[in-house]
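Participant: Predicted structure and sequence below. I'll ask about it afterward.
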Amino acid sequence: MDLIVSAAYSVTSHRNGPRKTRLIGEKAHYQCACGQAVFFRNSVCLACSSPLGFAPDRGEIVPLSPAGEADTWRITDDPKSQVYLRCANLTMPAGCNWLVPQASGQTLCVACQLNRTIPDLSVEGNGERWHKIEAAKRRLVAQLLDLGLPLISKAQNEETGLAFDLLGTDAEGQNPMTGHSGGLITLNVAEADDAHRERMRAQLHEPYRTLLGHFRHEVGHYYWDRLIAGSGWLADFRRLFGDERLDYGEALQRHYDNGAPADWQQSFVSAYATMHPWEDWAETWAHYLHMMDTLDTAVGFGMTAMNSDLDFVPYTRDVLYDPQDEQGDDFIAFVNAWIEMAAMLNELARSMGQPDTYPFVLPAPVIAKLHFIHRVVQTRGNPPSLANLNDA
């Protein structure tokens with residue numbers, strides 16, 4: 001089956017009514033009206049110079065044609081589409097290529113509306129830092145929308161909304177701490193500097209450190225509050241991840257004093273995940289998003305590792321959080337396809353003299369945690385169908 005196809009949906013059951021399920025791998029790239037392949041980051045077609053924009057309501061990059069009024073646009077191959085504006089951050093250092101429905105009355109796209117504080121652009125280098133940060137954040141937001149996860153800004157609902165503070169060193173010379181609190185994600189803009197990020201990675205003994213990884217981890221904390229806290233999932237969360245009522249401050253101090261247990265790789269996706277159940281959830285959540293997005297892109301480009309002679313025993317459904325899950329075989333196929341793909345990507349990186357793309361091991365207890373997260377997303381979101389991954 002050719003997995004690079006236009007949007008294909010099947011209706012599946014959902015406790016809040018029907019929902020759409022996208023086939024994984026269906027969109028690795030998009031197409032301009034002229035036939036040229038275009039990508040998530042593009043704002044103009046390099047072949048025909050047509051303006052392009054990402055339409056969040058469609059989840060795709062689309063070619064644009066003037067809609068009549070100045071600075072208004074319709075989708076070129078859909079003249080009856082709604083009228084769009086281009087995000088007001090298009091020409092600023094953020095370089096945002098997203099579209100805004102004119103009827104919304106907004107000038108910023110749904111991703112840029114989440115910013116509560118942007119970097120001080122009078123500081124040298126902050127324009128470039130903001131550009132890198134926004135590129136990572138847009139990829140995060142696009143994936144959250146694609147999964148159908150609840151996504152509202154604090155401007156819409158202060159209590160349950162999401163917002164970002166992108167901060168540098170303050171007037172007293174204090175550096176901001178990257179983290180999450182009550183739906184507010186703070187990022188130290190220095191993380192956009194490669195040298196700073198690598199220095200921190202080495203200092204903290206991390207196998208990798210990226211802007212997108214930061215965002216995926218911190219938004220995991222946000223969705224724990226939204227999807228797990230006070231819900232019917234809490235008992236199973238505690239069984240898999242531990243009791244989140246453990247004192248966080250004490251756990252943090254213990255982790256930095258003593259480090260991770262010697263046998264942490266048998267049950268956790270990273271050393272930091274051992275610190276507290278909340279961090280185990282956030283680390284595992286980030287890996288779930290990594291796996292979904294990377295395998296989606298790889299399969300969309302026709303990449304496959306299924307014919308590779310890899311020395312690993314494929315997982316079976318007995319390692320799942322819920323071995324009776326009707327879609328358990330699909331999830332196991334997804335996990336095994338990811339392990340094969342990650343091995344191939346690591347070898348490709350080594351052939352270029354680069355560190356492993358995915359320097360992690362996924363033991364059986366982590367597979368159960370990933371399956372739990374997938375089930376949570378299924379009930380509240382719109383995950384890609386995993387049914388075609390046996391061919392990955």
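Facilitator: That came through, no problem.
Participant: This structure: helices as residue ranges?
Facilitator: Taking DSSP state H, the helices of the chain run over residues 126-146, 194-203, 211-223, 234-241, 248-258, 277-300, 328-351, 364-380.
Participant: Out of the ones you listed, which is closest to residue 68?
Facilitator: Set against residue 68 and scored by C-beta to C-beta, the helices of the chain come closest in helix 126-146, at 27.9 Å. Bear in mind the C-beta positions are built from the backbone N, C-alpha and C, glycine included.
Participant: can you give me the angle the closest one makes with helix 211-223?
Facilitator: 50 degrees (axes from the mean of the first three to the mean of the last three C-alpha atoms, to 10 degrees).
Participant: In helix 126-146, which residues are buried?
Facilitator: 126, 129-130, 132-146 (16 or more other C-beta atoms under 10 Å).
Participant: Make CSV from the helices of the chain and add mean pLDDT and distance to residue 35 to it.
Facilitator: Converted to CSV, the helices of the chain look like this (pLDDT from 0 to 100; distance: least, C-beta to C-beta, whole Å):
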stretch, mean pLDDT, distance to residue 35
helix 126-146, 96, 24
helix 194-203, 92, 36
helix 211-223, 97, 30
helix 234-241, 96, 48
helix 248-258, 95, 53
helix 277-300, 94, 18
helix 328-351, 93, 29
helix 364-380, 95, 35
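Participant: Out of those helices, which is closest to residue 158?
Facilitator: Nearest of the helices of the chain (C-beta to C-beta): helix 211-223, 13.8 Å.
Participant: The closest one: how far from the chain's middle?
Facilitator: 8 Å (C-alpha atoms, centre = their mean, to the nearest Å).
Participant: mind giving me TSV with the helices of the chain and columns for distance to residue 116?
Facilitator: Output for the helices of the chain, formatted as TSV (distance: least, C-beta to C-beta, whole Å):
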stretch	distance to residue 116
helix 126-146	13
helix 194-203	23
helix 211-223	14
helix 234-241	29
helix 248-258	24
helix 277-300	21
helix 328-351	34
helix 364-380	24
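Participant: Need the residue closest to the centroid of this protein.
Facilitator: Compute the mean C-alpha point of the chain, and by C-alpha atoms, centre = their mean the closest residue is residue 140, 4.0 Å away.
Participant: which one is that residue nearest to, not counting chain neighbours?
Facilitator: residue 215 (4.4 Å; C-beta to C-beta, 6 or more residues apart in numbering).
Participant: picking up where we left off before, give the contact list for the residue nearest to the centre of the chain.
Facilitator: By C-beta atoms under 8 Å, 6 or more residues apart in numbering, the contact list for residue 140 reads 212, 215-216, 219, 289.
Participant: so what's the residue nearest to residue 366 when sequence neighbours are not counted up against?
Facilitator: In space, and not counting its chain neighbours, residue 366 is closest to residue 269: 4.9 Å by C-beta to C-beta, 6+ apart. By C-beta under 8 Å, 6+ apart, the contact list for residue 269 reads 280, 283-284, 287, 360, 362, 366, 369.
Participant: could you say what helices and strands the lengthiest strand in the chain packs with?
Facilitator: Using DSSP state E, we find that the single longest strand of the chain is strand 60-66. When contacts are defined as 3 or more C-beta pairs under 8 Å, 6 or more residues apart in numbering; DSSP states H and E, strand 60-66 sits against strand 30-31, strand 52-55, strand 73-75.
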